[in-house]
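A.B. asks: Any chance you can model this:
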Amino acid sequence: MTALVSRLPLVVAIPTKNEAENIASTVDAVAGHVEAVVVVDSGSTDDTCAIAAAHGAQVVPYTWDGGYPKKKQWCLENVHPDVPWLLFLDGDEVPTPELLAELREVFSRPVTAAAFDIPLLYWFAGRPLRRGHTVVKRSLLDRTRVRYPEVDDLAAPGMGEQEGHYQPTADGPVGQLRGRIEHRDLDPVRTWFDRHNRYSDWEAWLEHHPGTKEQVRGLKTRQGRLFQKVPFKPLLFFGYTYVARRGFLDGRAGFDYALALSFYRWQIGLKTRERAPS
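C.D. replies: Okay, here's the model as predicted:
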């Protein structure tokens, strides 16, 4: 029987800006389980850096120069590059115990995959969503075989220093893990709408730049590529999330989340039409 590793041979990188409400639980969830925990901070004006350091994380300042590489690729190149494997966590995310146990199994034998996709256990308005639409992120990367592409979107609004909504490319097979990253956002729900208001600016910009849109389409999941082609996206996304994926079993939070996602798709459509020549 293969012995499980006690300390995972990977580095956790946590890109942050003003995550004082959440960062302690994120750092605590991985400290002692991995080689290093590094908070890569973009000029937080709250206590993010002090709290992260107090909980044992290394804090590295980051300033975007307006070009490529953006923040996550910069992390791949600069955050403990001597350790090949890097796990990205947002400042409000923690790996579940099931995911940590699964990672110990993965690294107890030679790893052939270049990256792993990990599903999220999403929280919305203070409630966990166990059903409905599941976000999957390519979060665990072998930096020697994975790279974030440089798409032609530097003039686009909405994203800034962060890579857009697409997956990094892998030179090798991509595995799928069953354990989840718990996206436990403790901030007020208005911050979700603030973020998605910016994201919809980027998505609407893509609709009027077909070359860049095709670049991004090729980097999305199969599900994401299919969804790009369907009409009536707000209505269909609500039906998919709330009915087909049984979001209704999450109660009022499931309804609110499905409605919020539908509103996000409506925003993209409205902003796209607004940008169209009259």
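A.B. asks: drop to CA atoms for contacts and neighbour counts, all remaining ones
C.D. replies: Fine.
A.B. asks: Quick one: mean pLDDT for stretch 162-178?
C.D. replies: Computed over stretch 162-178, the mean pLDDT rounds to 95.
A.B. asks: now the end-to-end length of that stretch.
C.D. replies: This stretch, stretch 162-178, spans 26 Å end to end (CA to CA, to the nearest Å).
A.B. asks: Please enumerate residues in contact with it?
C.D. replies: For stretch 162-178, contacts defined as CA atoms under 8 Å, 6 or more residues apart in numbering pick out 70-72, 99, 102, 112-119, 137-138, 145-149, 216-217, 219-221.
A.B. asks: buried residues in that stretch?
C.D. replies: For stretch 162-178, burial by neighbour count (16 or more other CA atoms under 10 Å) applies to Glu163, Gly164, His165, Tyr166, Gln167, Pro168, Thr169, Ala170, Val174, Leu177.
A.B. asks: Looking at those residues, spot the one nearest Val83.
C.D. replies: Among those, Ala170 lies closest to Val83 (CA to CA), at 17.2 Å.
A.B. asks: The closest one bridge partners, please.
C.D. replies: Ala170 forms beta bridges with Val146, as assigned by DSSP bridges.
A.B. asks: Leaving out sequence neighbours, find the closest residue to Ala258.
C.D. replies: Of all residues not flanking Ala258 in the chain, Phe238 sits nearest, at 5.3 Å (CA to CA, 6 or more residues apart in numbering).
A.B. asks: My reading is that that neighbour is in a helix; is that accurate?
C.D. replies: Yes. Counting by DSSP: H, G, I helix; E, B strand; the rest coil, Phe238 is part of a helix.
A.B. asks: I figured it hits Phe263, correct?
C.D. replies: No. Applying CA atoms under 8 Å as the test, Phe238 and Phe263 come out as separate, 9.0 Å apart.
A.B. asks: For those two, indicate the residue with more neighbours.
C.D. replies: Phe238 (24 against 19; other CA atoms under 10 Å).
A.B. asks: ok, now which ones touch that one?
C.D. replies: Ala258, Leu259, Leu261, Ser262.
A.B. asks: do the same with Pro84
C.D. replies: Leu10, Asp142, Arg143, Thr144.
A.B. asks: mind checking how far the nearest residue to the second one once chain neighbours are set aside is from Arg138?
C.D. replies: The shortest distance from Asp142 to any non-neighbouring residue, by CA to CA, 6+ apart, is to Trp85 (4.6 Å). Relative to Arg138, Trp85 is positioned 13 Å away (criterion: CA to CA).
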